[in-house]
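1. Let's see this in three dimensions:
(one chain, ligands or ions: 2)
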Amino acid sequence: MKRMLSAVKPTGKLTLGNYIGAIRNFVKYQNDYEMIVFIANLHCITVYQEPEELKKNLKDAAALYMACGLDPEKTTMFLQTDVMEHAELGYIMACNTYLGELNRMTQFKDKMAKGESGLSAGLYTYPCLMAADILLYDADYVPVGDDQKQHVELTRDIAQRFNNRYGETFKLPEPLVQQVGKRIMMLNDPYHKMSKSENNDKGCIYLLDDLNVIRKKIMSAVTDSYGEIKVDQERQPGIYNLLEIYSALTDISKEEIAAEFKGKGYGEFKKAVADVVVQEIEKIQKRYNEIIKENIIEDVLNEGALKAHKMAFKKVKKVERKIGIDIHKRK
Ligand code: ATP
Ligand code: LTN
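-> Ligands and ions are numbered 1, 2, ... in the order given. Okay, here's the model as predicted:
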């Protein structure tokens, strides 16, 4: 069975973008692949997080993964820091990455271009840690949203370089980007990705938002003055985004949806989108509350970490032997 690996950074409350672009796909794939999904808690401290809030978000993320349908029987689920080999291999990967490569990463470049102050060195070297995350487990596929594709491509380059230098060690992973829902935009600003770290509460739907709040956010989503529902991302980015959300959650194509709402008003369309979103999120929240009550997260994460650690330990030892820094058999 081919192996698939992915992660979400629980920097804040999980969004509908995370669900459509990432988590929902993990759930679909877990039946056909050996699935590994972890909570990237090392990645999220590349930007300062308030410790108490972070703890809460980490717990929510684990419970939400399961509430969205990830099944611990099928998917190995764990917390990144419970498998210390991630940080160890991350450092080794950084030693095999060129500064020029990191300078080309658009996520970092965008932050620099915005003139954000106080960017950390961790944020800059983060793609090296991400490469380690993937290569530790010989993942065949990495399902991610559009924004992460470049990081998986860099992972391939680093792996290839390492294999050339030290002999065949790593499998080259492939990014897997879903066409529908690969980039859900802010409801009040359809030119920017729905993102939990942007502090734009009106534009973001959080999976744990009150259902009435979700409805309100969708009903007040930015549209345009054309007054027609068409699939036209350039001219009607707000409507396009709503079509994308509707399509991702129903598996009906955007064109079919547009045809169904031809001649109808934006209000009616938004109400239909809100119905679909609320229906989906209501199910997730119900399951989330059950999981919290059942108190099973601790056991799931511990079991997942044990399984992951076995694989990761073997890989790191192999890497260290190849490089020449491992000189004895550790007891
Ligand atoms: P941050 O704002 O902290 O950068 P984020 O909300 O962008 O976080 P991540 O944790 O970086 O989310 O991403 C987790 C996964 O969700 C990744 O695979 C990412 O590509 C996907 N994803 C995130 N936001 C969206 C979105 N708006 N549309 C589709 N996929 C998304
Ligand atoms: N960088 C990703 C989260 C992430 C990841 C990974 C995704 C960390 N390690 C390994 C896939 C594979 C993000 O910001 N969404």
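
2. residues in the stretch 101-250 of the chain within reach of ligand 1, list them.
-> By the rule Cβ under 6 Å from any ligand atom, the part of the stretch 101-250 of the chain lying against ligand 1 is 144-145, 147-148, 181-184, 193-197. (Glycine included, C-beta is placed from N, CA and C.)

3. Closest one of these to ligand 1?
-> When these are compared for distance to ligand 1, the smallest value, 2.1 Å, is given by Gly145; criterion: Cβ to the nearest ligand atom.

4. Quick check: phi and psi on the closest one?
-> Here the main-chain torsion angles of Gly145 (degrees, to the nearest 10) amount to phi -80, psi 170.

5. Please renumber the chain so that the first residue is 23 from this point on.
-> Okay, using 23 as the starting number, the last item reads as Gly167.

6. give me the number of residues near the residue lying closest to it once chain neighbours are set aside?
-> Closest residue to Gly167 apart from its sequence neighbours, by Cβ to Cβ, 6 or more residues apart in numbering: Gly43 at 3.6 Å. Residue neighbour count, defined by other Cβ atoms under 10 Å, stands at 27 for Gly43.

7. Residues in contact with the worst-scoring helix or strand of the chain on mean pLDDT: which ones?
-> When each helix and strand of the chain is scored by mean pLDDT, DSSP states H and E, helix 128-135 comes last, with a mean of 88. The contact list for helix 128-135, computed with Cβ atoms under 8 Å, 6 or more residues apart in numbering, reads 124-125, 141, 145-146, 148, 169, 172-173.

8. Now render those as a markdown table, adding pLDDT and secondary structure.
-> Putting the contacts of helix 128-135 into a markdown table (pLDDT from 0 to 100; DSSP: H, G, I helix; E, B strand; the rest coil) gives the following:
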| residue | pLDDT | secondary structure |
| --- | --- | --- |
| Leu124 | 97 | helix |
| Asn125 | 95 | helix |
| Leu141 | 92 | coil |
| Leu145 | 95 | helix |
| Tyr146 | 96 | helix |
| Tyr148 | 96 | helix |
| Asp169 | 85 | helix |
| Gln172 | 96 | helix |
| His173 | 97 | helix |
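
9. Generate JSON lines for those residues, with neighbour count as supplementary columns.
-> Below are those laid out as JSON lines (neighbours: other Cβ atoms under 10 Å):
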{"residue": "Leu124", "neighbour count": "17"}
{"residue": "Asn125", "neighbour count": "11"}
{"residue": "Leu141", "neighbour count": "14"}
{"residue": "Leu145", "neighbour count": "19"}
{"residue": "Tyr146", "neighbour count": "18"}
{"residue": "Tyr148", "neighbour count": "24"}
{"residue": "Asp169", "neighbour count": "17"}
{"residue": "Gln172", "neighbour count": "16"}
{"residue": "His173", "neighbour count": "22"}
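
10. right, and out of those residues, which lies closest to ligand 2?
-> Within the contacts of helix 128-135, proximity to ligand 2 (Cβ to the nearest ligand atom) peaks at His173, which comes in at 5.9 Å.

11. shouldn't the closest one be in contact with Ala154?
-> No. Counting by Cβ atoms under 8 Å, His173 does not reach Ala154; the two are 11.7 Å apart.

12. wait, doesn't Ala116 sit right on Thr147?
-> Yes. Ala116 lies in contact with Thr147 (Cβ under 8 Å); the separation is 5.3 Å.

13. Output the set of residues of this protein in proximity to ligand 2.
-> For the chain, the residues found near ligand 2 under the criterion Cβ under 6 Å from any ligand atom are 27-29, 31, 62, 65, 152, 155-156, 164, 166, 170, 173.

14. Return the closest of those with respect to Asp223.
-> The closest of these to Asp223 turns out to be Lys31 (Cβ to Cβ; 18.7 Å).

15. can you give me the helices for the stretch 223-353 of the chain?
-> Taking DSSP state H, counting those that start in this stretch as the criterion, the stretch 223-353 of the chain contains helices spanning 233-241, 259-272, 276-282, 288-316, 319-345.

16. ok so, going back, same list, the residues of the chain next to ligand 2, but as TSV with secondary structure please.
-> Formatted as TSV, the entries for these read as follows, by DSSP: H, G, I helix; E, B strand; the rest coil:
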residue	secondary structure
Leu27	strand
Ser28	strand
Ala29	strand
Lys31	coil
Ala62	coil
His65	helix
Met152	helix
Asp155	helix
Ile156	helix
Val164	strand
Val166	coil
Gln170	helix
His173	helix
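
17. quick one: contacts for the closest residue to Met152 other than its chain neighbours?
-> Using Cβ to Cβ, 6+ apart and skipping the chain neighbours, the partner closest in space to Met152 is His173 (5.1 Å). When the contact criterion is Cβ under 8 Å, 6+ apart, the partners of His173 are 127, 129, 149, 152-153, 166.

18. same check, this time on Cys90
-> Shown here is Cys90, whose contacts under the criterion Cβ under 8 Å, 6+ apart are 41, 45-46, 49, 229, 306.

19. Let me see the contact set for the closest residue in space to it that isn't next to it in sequence.
-> Beyond its immediate neighbours in the sequence, the residue positioned closest to Cys90 (Cβ to Cβ, 6+ apart) is Ile45, lying 4.8 Å away. Counting by Cβ under 8 Å, 6+ apart, Ile45 touches 30, 36, 86-87, 90, 92.
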